[in-house]
Structures are given as C-alpha cells and as structure tokens.
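# sequence plus predicted model, see below.
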Amino acid sequence: MKRLFVLATAVWLASSSVHAEFPERNIENIYPWGPGATMSASQIIADAMGQELGVNVSVVSTPGAAGTKAFLTALDKPADGYTIIDGYVAPLVLQPMLGKADWTYNDFTPLWAATSNSFAIAVRKDDDRFADFRALIAHAKDNPGKLRYSPGVTDALPHMVAAKVMQTSDVVAQVVPYPEIDNAVKDLRGGILDFVVINPGVYTTNKDELRVLAVLSDLEDASKTYGGAPLVGSFDVDLGMTGLAPMGWNWWLIHKDTPADVAAKLQDSMGKAVARDEVKQKLLDMGYVPLGYGPDKYKEVVAPVAADLKSGIDAIAWEKDKLKSTK
C-alpha cells in the first residue's frame, strides 16, 4: 500500500511539474489562409509572443473551405494550449452565419484581438472624373448601374461592405467578380472598371497607380494605412456598419477546454506581445491596424459583428434587385 502511495504521489508531482512549466515545447498558430501578407502579420505577433513565453510560436498555413478547415484542424488537437486558432472573421463569424460551420464565437476561449485591415474604394490615379468620393457618388446617382466596379470575389466581406455603403447612399453600380483582386486592379488600369474595393496590401503594391477616394472604416489608424486617405465618414456618408464589422480582422483563440492557468499564461504573453511599440509599428507599416482588445472585451466587440454582417448580406441582395430595375 505504501509503495502504491509513493508511486501515485510521484506521478502526481511529475504531472503537476509538467503543467506548471507550460510551455515546454513549441506552440502552433493554425492560420486559415495561404501564405501572404496577413500570414506575415500574424508571424510578427507570434514571434513576439514566443519571446515572452520562451518557446517558438509558428504560424501554420491551413487554407481551405473559406477558413473553416483551419478551425477544424485546430479543434481536433488536444486542448492543452499548444494550439492557437488564428480566428479570422470569415470562419469565426460569417461561415457559421451562412450555415457552413457548426460553432459560434462563444465556443472558444479568447486571447487578444490581433489586427484589422480596412477596405477602401480606389480609382485610377489619372481618372479625373472623380475629384473625391462625393463626386463618385454623384456620378453613380446620375448614371444608375453604369459604373463598373469589383471587390474581387463577390458575396465576400469586401463586397458586403461596398454594397452597404452604396445602399446607404442610394446608388448602385455594376459589380464584376474576379477570383483575385489583383486582376481587377489590372482591368481598372486598363479602363475596363471604374473603381475597385481594395485592401492595404493591394494598395501598397499599386499605390503609384491608384487613388483612394474613401477608406471604409471609422478607425483613425485605417487612414494611415492608405497614405492618409479620408475616411468615408468625412463625407457624411453612413458606413452602415460599426466596430469591426466592415473590415477584415482576427482574434487569436484557444480551445474552450484549455486549463484556466494555461489560458491565462497565453493571454498574458500575447497581451505583452501586442503592446510592444515595435510590434505595433511593424504591423502599421504593413498596412494592418493593431486592435489591442483584451480577452475581457471579446464578447462585447464580436457579438455585434454578426448583426452587421447580416445587413451586408442584405445589401448585396438589395444591389442585385436595384440593378435589375435599372435594365
């Protein structure tokens, strides 16, 4: 009996020691898209977080099924804190709304909000028809359904935001889908399109040939990522969406069953990482606005997004009906 007690005590002490020393090995951040600028932004945060924890935090690209493959991959792993979910708005909020995922934002333990990237309406730099965003709206009102624009892929978030802005302004333009927004920018330069809805990465690559008329956000720092271009609200235009709803963003998450002390350590280390001035500056230089919302703000900030995204879906339906009436 004594021997069994000693053995049990040794096992308990060993397991307690392992738990107390979290993390003992590297951590993975499961990222839902292919390699690119947003993955690089996540890696900047991961590197800083790894320095706080004393281990490597790697960002693992796991694209597929509009981001839901990454969530499913992460949820299949143990709830031990060694797997972080890079929770982008599409797989976290939008896909469940569309019935394409069986979770909600309540099914995760939040770490910190990471970054946001606002969208913007841009025209060719040499296009003198539109002095500013008001001129574009006025032209669209005088020529309903005549202007041609692209948000890239239709029915996705950039399209929702653009359609909502046009709905609140009571104007409509012909939407042209492209599998890649870069191809739409080429056709904008060629005169096939009149304007495009872009992200900061596209702007950075093409800023010598584009002129941003309005940034579709109410975050002041979003203007900086587009060279100081005006926010849409400065034209007294109702964006029709609030908070994080009209933009791309990610909130790092972990499995809901992760032990509380492990979750607290991850939350603390990420909070310190995103608070670093050099991390913030690197992200801003890449065109991403650091958000800085802590775990305690998760439900307050994320809950309203679903309702606003529903209004964006409805705006696309409105756009389709309005275009039919102009023919």
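Okay, I see it. Residues are numbered from 1 along each chain as shown.
# next, the buried residues of the longest helix along the chain.
If you go by DSSP state H, the chain has its longest helix at helix 298-326. By 16 or more other C-beta atoms under 10 Å, the buried positions in helix 298-326 come out as 298, 301-302, 305-306, 308-309, 311-313, 315-316, 318-319, 322. Just so you know, the C-beta spots here come from the backbone N, C-alpha and C atoms, and that holds for glycine as well.
# of those, which is the nearest to residue 115?
Nearest to residue 115 among the buried residues of helix 298-326: residue 301, at 13.7 Å, using C-beta to C-beta.
# where's the closest residue to that closest one other than its chain neighbours relative to residue 113, distance?
Nearest non-adjacent residue to residue 301, counting by C-beta to C-beta, 6 or more residues apart in numbering: residue 293, 5.4 Å away. Distance check for residue 293 against residue 113: by C-beta to C-beta, to the nearest Å, it reads 4 Å.
# what touches both of the two?
251, 301 (C-beta atoms under 8 Å, 6 or more residues apart in numbering).
# tilt between the longest strand seen in the chain and helix 298-326?
Secondary structure of the chain per DSSP state E: the longest strand is strand 108-124. Here strand 108-124 points in a direction 40 degrees away from that of helix 298-326 (axes from the mean of the first three to the mean of the last three C-alpha atoms, to 10 degrees).
# now the following helix or strand past strand 108-124 against strand 108-124, angle please.
Going down the chain from strand 108-124, the next helix or strand is helix 133-142, by DSSP states H and E. Interaxial angle of helix 133-142 relative to strand 108-124 (the same axes, to 10 degrees): 80 degrees.
# so which elements touch the helix or strand following helix 133-142?
Sequence order places strand 148-150 as the next helix or strand after helix 133-142, per DSSP H and E. Applying 3 or more C-beta pairs under 8 Å, 6 or more residues apart in numbering; DSSP states H and E, one finds that strand 148-150 makes contact with strand 174-175, helix 181-189, strand 195-198.
# CA atoms only: put the following helix or strand past the last one into PDB for me.
Going down the chain from strand 195-198, the next helix or strand is helix 200-206, by DSSP H and E. C-alpha atoms of helix 200-206 as PDB (Å, rounded to 0.1, in the frame of the first residue of the first chain):
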ATOM      1  CA  PRO A 200      -4.000  47.700 -47.700                       C
ATOM      2  CA  GLY A 201      -1.800  45.000 -49.300                       C
ATOM      3  CA  VAL A 202      -3.200  45.800 -52.700                       C
ATOM      4  CA  TYR A 203      -2.800  49.500 -52.100                       C
ATOM      5  CA  THR A 204       0.900  49.100 -51.000                       C
ATOM      6  CA  THR A 205       1.700  47.100 -54.200                       C
ATOM      7  CA  ASN A 206      -0.200  49.500 -56.600                       C
END
